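Q: Sequence and predicted model, in that order:
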Amino acid sequence: MQRPTGVAIAVLIGLTAVIVPIWFSIHLAWKQSLADETARVRYNAGDVLRRGEETRNQVVAGTRMLTKANLPPCSPAEIDLMRRIDLDSSYIQAVARIQGDSLICTSLGTRSPIPVGSATVISKDGAAQRLNVKIPVAGGQPLDIFSSSNGFAFLIHPGLPLDTASEGPDISLALYLSSSPDPLPLAATGSHLRPEWFRSIAKGSEATFVDRGYVVCIAHSAASDLAVVAAAPVSYVARRIARIAALFVPLGLLCGIALAWAVIHVTRQRFSLPSVLRVAALHREFYVEYQPVVEMSSRRWIGAEALVRWRRPGGRIVRPDEFIPTAEESGVITLITQCVASIVAADLPRFLSIDPEFRVAMNLSAADLRSKATLPLLEEITQADGAHSANLEVEATERGFLQGPEVRGLIAKIRSQGITVAIDDFGTGYSSLSCLQSLGLDTLKIDKAFVNTIGTDGATSRVVFHIIEMAHSLNLEIVAEGVETEEQASFLLQRGVRHAQGWLFGKPMPVATFCESLLQAKSAREQETHV
């Protein structure tokens, strides 16, 4: 055999020895990744179907209760029953009486007709569906309205059944009725749903397939006509191939690929926002400003909310809405919370030297509420000079509180330490007031969006009164956020809201400026006392 031929064969064998294992590993990786993504899509479909069935069961149970009660339409007794059904239901946003194309009374306290338009679909038994209806009493957010032939209507947020844990922004989900000849989504999210996916399959069954770049699962309820479509891009499968294929590549090639991947990965990560946020947390680029919380009757500053800010090395201030969502999605938020906690621990003695009863509120993210490090972090704050547990309050949004039983356990431990817990931005999320009863909270903060409606002619302004009433009934302390006018302050005070914050009382400010104003106010009060 000539040397060139031998070299060519050796090269060919060498290439084959490299290419075949790589091809085989990629093939196995593709199959495994596709199986993993199919399992994930099936889980999403099953979870949405479970939520849809629970929503349907709550509507059916509510209809039975109202029908059995047989109360005069829109009477105080019937509205009270509607309200109880609303509070006891985790998916129902409101209960109403419907006549024609208008809601004539609701569990939210409205009694004047609210037009809702004609029905999207009417079934044989007279039940009607109205999808994505915007009504002022719900703050203009789109709701699905399901009404029965006997005049009862149930308002459902279309996002609730779809609020499942899904990975990636391109996941598409839809809940529909398989019995309809031309199915329309009762609720949907994502922009990649195709009409041909809304198939009618046997009850209690499911089907999975790949169609034009998407892994699709269709699941049908065993007890009703509800069905779900869940779809994820096949590109998600490709993202997992490199990790799985690496297990089958020879050690030398694996090291080379891993090194190249590591260089590219590190380079990308160095310039990604989550990485920049991690570095910023390590370099203590985050700082805190304090916005006063006032006692409405006396306008005395009794506390403050600690608000995180980010100053880049060049001096540019980054707005919280530009980095907080990314920090929460990437998990960096827990590092930022640690920065805020250390700053609050250092600043708290300055406040307490002026007012020993002063209370600082700091925000916790959903990740913080699941972290075992959160409780020791809070305990460090309460151990600052002159501090005790009553000087600290923690706040979290509705979505943060609805993460699972471990969150409820942490809340109980926090409150057992004497630290109060507040639900922030109440009214903008998905939780019902029944959740407030089970969570065990101390304070409810009314979102600025509802405070802004005070003094207007919009029907949404009544929601503020409804929230205040319910908070009083649950013995929760109330703090109104975003108060900017004397008219708003007077309205809230007359309805028993004791505390508030907003630009009417003070903007967020550095600790030195805050303490100076707090000290001046204290001196002024002492002089008035001596006069």
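A: Nice, I can see it.

Q: Tell me who's in contact with residue 508.
A: Neighbouring residues of residue 508 by CB atoms under 8 Å, 6 or more residues apart in numbering: 289, 290, 291, 307. Where you see a C-beta, it was placed from the backbone N, CA and C, and this is true even at glycine.

Q: just residue 103 next, same as before
A: 96, 97, 110, 113, 114, 116, 135, 145, 153.

Q: hang on, the earlier thing: may I ask which of the contacts of residue 508 has the most neighbours?
A: Neighbour count (other CB atoms under 10 Å) singles out residue 290 as the most crowded of these, with 25 neighbours.

Q: Give me the distance between it and residue 147.
A: To residue 147, residue 290 is 49 Å away according to CB to CB, to the nearest Å.

Q: what do you get for residue 82?
A: 13 Å.

Q: coming back round to it: most neighbours among the contacts of residue 103, which one is it?
A: residue 96 (28 neighbours).

Q: Can you tell me the centre-most residue of the protein?
A: Centroid check for the chain by CA atoms, centre = their mean gives residue 399 as the closest residue, at 3.5 Å.

Q: That one reaches residue 366, doesn't it?
A: Yes: the criterion here is CB atoms under 8 Å, and residue 399 meets it with residue 366 at 6.4 Å.

Q: so how far is residue 107 from residue 149?
A: Residue 149 is 20 Å from residue 107, by CB to CB.

Q: quick one, which of those two is more surrounded?
A: residue 107 (25 against 11).

Q: mind listing what the residue nearest to that one when sequence neighbours are not counted touches?
A: Ranked by CB to CB, 6 or more residues apart in numbering and with sequence neighbours excluded, the top spatial neighbour of residue 107 is residue 82, at 3.8 Å. Applying CB under 8 Å, 6+ apart to residue 82 gives the contacts 66, 94, 95, 96, 106, 107.

Q: Next, check those against the strands and list the overlap.
A: Among these, the members falling in strands (DSSP state E) are 94, 95, 96, 106.

Q: show me what contacts the second one?
A: Residues touching residue 95, when contacts are defined by CB under 8 Å, 6+ apart, comprise 62, 66, 82, 83, 85, 86, 106, 107, 152, 153, 154, 155.

Q: repeat that with 6 Å
A: 82, 85, 86, 107, 154 (CB atoms under 6 Å, 6 or more residues apart in numbering).

Q: what's the answer for the first one, then?
A: For residue 94, the contacting residues are 86, 106, 107, 108, 155, taking CB under 6 Å, 6+ apart as the criterion.

Q: List just the nearest of those residues to residue 491.
A: Distances from residue 491 to those, taken as CB to CB, are shortest for residue 108 (18.1 Å).

Q: Please identify the helix or strand for the closest residue to residue 59 other than its chain neighbours.
A: Leaving aside its sequence neighbours, residue 59 sits nearest to residue 154 (CB to CB, 6+ apart; 4.8 Å). According to DSSP states H and E, residue 154 maps onto strand 152-156.

Q: Pull the distance from that strand to the chain's centre.
A: 23 Å (CA atoms, centre = their mean, to the nearest Å).

Q: Which neighbouring elements make contact with it?
A: Other elements packing on strand 152-156 under the criterion 3 or more CB pairs under 6 Å, 6 or more residues apart in numbering; DSSP states H and E are helix 3-69, strand 92-99, strand 142-147.

Q: Out of these, name the one with the poorest average pLDDT.
A: Among these, helix 3-69 has the lowest mean pLDDT, at a mean of 74.

Q: Name the next helix or strand following it along the chain.
A: helix 76-87.

Q: From the chain's centroid, how far away is that next one?
A: Worked out by CA atoms, centre = their mean, helix 76-87 lies 27 Å from the chain centre.

Q: mean confidence score for it?
A: 92.

Q: which of the residues in that helix are buried?
A: Neighbour-count burial for helix 76-87, counted by 16 or more other CB atoms under 10 Å, picks out 78, 79, 81, 82, 83, 85, 86, 87.

Q: CA atoms only for it - export them in PDB, please.
A: What follows is helix 76-87, C-alpha atoms only, in PDB (Å, rounded to 0.1, in the frame of the first residue of the first chain):
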ATOM      1  CA  PRO A  76     -79.000  42.000  49.900                       C
ATOM      2  CA  ALA A  77     -79.200  38.400  50.800                       C
ATOM      3  CA  GLU A  78     -78.400  37.200  47.300                       C
ATOM      4  CA  ILE A  79     -75.500  39.700  46.900                       C
ATOM      5  CA  ASP A  80     -74.100  38.500  50.300                       C
ATOM      6  CA  LEU A  81     -74.300  34.900  49.100                       C
ATOM      7  CA  MET A  82     -72.600  35.900  45.900                       C
ATOM      8  CA  ARG A  83     -69.800  37.500  47.900                       C
ATOM      9  CA  ARG A  84     -69.300  34.400  50.100                       C
ATOM     10  CA  ILE A  85     -69.000  32.300  46.900                       C
ATOM     11  CA  ASP A  86     -66.500  34.800  45.500                       C
ATOM     12  CA  LEU A  87     -64.400  34.700  48.700                       C
END
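
Q: between it and strand 92-99, how many degrees?
A: When axes from the mean of the first three to the mean of the last three CA atoms, to 10 degrees is applied, the directions of helix 76-87 and strand 92-99 differ by 150 degrees.

Q: which stretches of the stretch 401-531 of the chain form helices?
A: With DSSP state H, counting those that start in this stretch as the criterion, the stretch 401-531 of the chain has helices at 405-416, 433-439, 448-451, 461-473, 486-494, 511-530.

Q: Kindly apply the preceding question to the stretch 101-250 of the chain instead.
A: Under DSSP H, counting those that start in this stretch, the stretch 101-250 of the chain gives helices at 235-245.

Q: All the strands of the stretch 101-250 of the chain, residue numbers only.
A: 102-106, 114-115, 121-122, 128-134, 142-147, 152-156, 172-177, 185-189, 206-211, 214-220, 226-233 (DSSP state E, counting those that start in this stretch).

Q: Can I get those strands in JSON lines including distance to residue 419?
A: Shown next, in JSON lines, are the strands of the stretch 101-250 of the chain (distance: least, CB to CB, whole Å):
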{"stretch": "strand 102-106", "distance to residue 419": "37"}
{"stretch": "strand 114-115", "distance to residue 419": "42"}
{"stretch": "strand 121-122", "distance to residue 419": "50"}
{"stretch": "strand 128-134", "distance to residue 419": "39"}
{"stretch": "strand 142-147", "distance to residue 419": "36"}
{"stretch": "strand 152-156", "distance to residue 419": "35"}
{"stretch": "strand 172-177", "distance to residue 419": "38"}
{"stretch": "strand 185-189", "distance to residue 419": "36"}
{"stretch": "strand 206-211", "distance to residue 419": "46"}
{"stretch": "strand 214-220", "distance to residue 419": "43"}
{"stretch": "strand 226-233", "distance to residue 419": "40"}
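
Q: Compare the ones you listed and give me the one nearest residue 411.
A: strand 152-156 (27.1 Å).

Q: average pLDDT for that closest one?
A: 92.

Q: low pLDDT regions in the chain?
A: Applying pLDDT under 70 to the chain flags the ranges 1-29, 124-125, 138, 164-169, 181, 236-271, 402-404, 427-435, 458-461, 529-531.

Q: who's in contact with stretch 42-52?
A: Here stretch 42-52 makes contact (CB under 6 Å, 6+ apart) with 161, 162, 164, 166, 173, 175, 217, 219, 221, 226, 228, 230.

Q: In PDB, list the C-alpha atoms belonging to it.
A: Extracted C-alpha coordinates of stretch 42-52, given in PDB (Å, rounded to 0.1, in the frame of the first residue of the first chain):
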ATOM      1  CA  ARG A  42     -47.600  16.900  28.900                       C
ATOM      2  CA  TYR A  43     -47.100  18.300  32.400                       C
ATOM      3  CA  ASN A  44     -48.100  21.800  31.300                       C
ATOM      4  CA  ALA A  45     -51.200  20.400  29.600                       C
ATOM      5  CA  GLY A  46     -52.200  18.400  32.600                       C
ATOM      6  CA  ASP A  47     -51.700  21.200  35.000                       C
ATOM      7  CA  VAL A  48     -53.800  23.600  32.900                       C
ATOM      8  CA  LEU A  49     -56.500  21.000  32.500                       C
ATOM      9  CA  ARG A  50     -56.600  20.500  36.300                       C
ATOM     10  CA  ARG A  51     -56.900  24.300  36.800                       C
ATOM     11  CA  GLY A  52     -59.600  24.500  34.200                       C
END
